[in-house]
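[1] I need the structure of the sequence given here:
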Amino acid sequence: MIRLKAGTDIVFHFSIVAWLQGWALSNVQSDNIMAVKHSSFHGYTGYLKALALVLAVVLLSVLFTSAKAQQLKAIQIYSQDELLDLIKQNKHLARVKADDCQLLQDIEARATVLKVPAYQFLYGDMLAYAVCVDRDVERGIHYMRLAADQGLPEGLEQMGRYYHIGKFVQKDPAQAVIYLREAAAMGNLNAKIRLVELFLSGEGSPYDYEQAYRWLHHSVIADDKTHKKAEMLLTKLAKLMPEKIVARAKRPMR
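    Numbers count the residues shown, from 1 in each chain. Model prediction:
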């Protein structure tokens, strides 16, 4: 579905209409003067005056519509891939704001009726952070959780992060591990890093160390700062593991 975004610069068109209306009324006033001399034309000039006003209103409407049509900008609903990219870059809320909330109804329908995970995540964030809608954190978390339950990696990672730091929900490291482990298994880099951090802080089970090490060790990381952080975390985690387990975790993944 396409929404339309209208511009607001129509002052020029209003100026034209005002001039035309003034011109029409001045002519009507001239006719009224003539009507004093020729009373038989009194009814006719009254008709002209009313007609001039009606024409001015009609012309105003036509020019206003024309001005909007010239400045309309089509906004296409986001594709699944486009929205996922925005979410991964944490630019999804900024994009909705930049589009002046024109897609609000479409977003809500895809989240609540069609139950599309990416749109559930987006709508949940919009509710939690009051973007284009009244703030409703409880309902926002509900839709984030639905997205996570459908296996959206970003939804799983976000719920795990919120349980880890206690944002919007009570701090629950055990619950955080559950969500982050699922997201890490699906390749979410942020989840892999946070999961290792949780293990290093004493959360989780040592039986999970090998898999967490494997996921992070085999990750391709372009950002130098993040790469160094992962390297440091892996070094620390390796100290908590037998050497043969570390060696096994480093083997190429199939």
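
[2] what comes up buried for stretch 99-115?
    For stretch 99-115, the neighbour count (16 or more other CB atoms under 10 Å) marks 99, 102-104, 106-108, 110-111 as buried. Heads up, the C-betas are built off the backbone N, CA and C, glycines and all.

[3] what is the rounded mean pLDDT of it?
    The pLDDT scores in stretch 99-115 average 97.

[4] stretch 143-162 too?
    In the prediction, stretch 143-162 has an average pLDDT of 98.

[5] so who does Ala191 touch?
    Each residue near Ala191 by CB atoms under 8 Å, 6 or more residues apart in numbering is listed here: 153, 156-157, 160, 179-181, 183-184.

[6] just the strands in the protein please.
    Taking DSSP state E as the test, the strands found in the chain are 2-5, 73-76.

[7] weakest of the ones you listed by average pLDDT?
    The bottom spot among the strands of the chain, by mean pLDDT, belongs to strand 2-5, with a mean of 48.

[8] first-to-last residue distance for stretch 236-244?
    16 Å (CA to CA, to the nearest Å).

[9] er, stretch 157-175 actually
    12 Å.

[10] so which bits of that stretch are buried?
    Under the neighbour-count criterion of 16+ other CB under 10 Å, stretch 157-175 has 157-164, 173, 175 buried.

[11] and if you look at stretch 202-210?
    For stretch 202-210, a neighbour-count test (16+ other CB under 10 Å) marks 203-204, 208-210 as buried.

[12] can you flag which of the residues you listed belong to helices?
    The helices, defined by DSSP state H, take in 209-210 from the buried residues of stretch 202-210.

[13] quick check: Val131 touching Asp125?
    Yes. Using CB atoms under 8 Å as the test, Val131 is close enough to Asp125 to be in contact (7.2 Å).

[14] which of those two has more neighbours?
    Asp125 (22 against 18; other CB atoms under 10 Å).

[15] what is the burial count for the nearest residue to the more buried one once chain neighbours are set aside?
    With sequence-adjacent residues excluded and distances taken as CB to CB, 6 or more residues apart in numbering, Asp125 is closest to Leu93, at 5.8 Å. Leu93 is flanked by 17 other residues according to other CB under 10 Å.

[16] quick check: the gap between Ala249 and Trp215.
    Distance, Ala249 to Trp215, using CB to CB, to the nearest Å: 9 Å.

[17] about what we covered before: so what sits against both of Val131 and Asp125?
    Leu93.

[18] I'm done for today, thanks for sticking with me.
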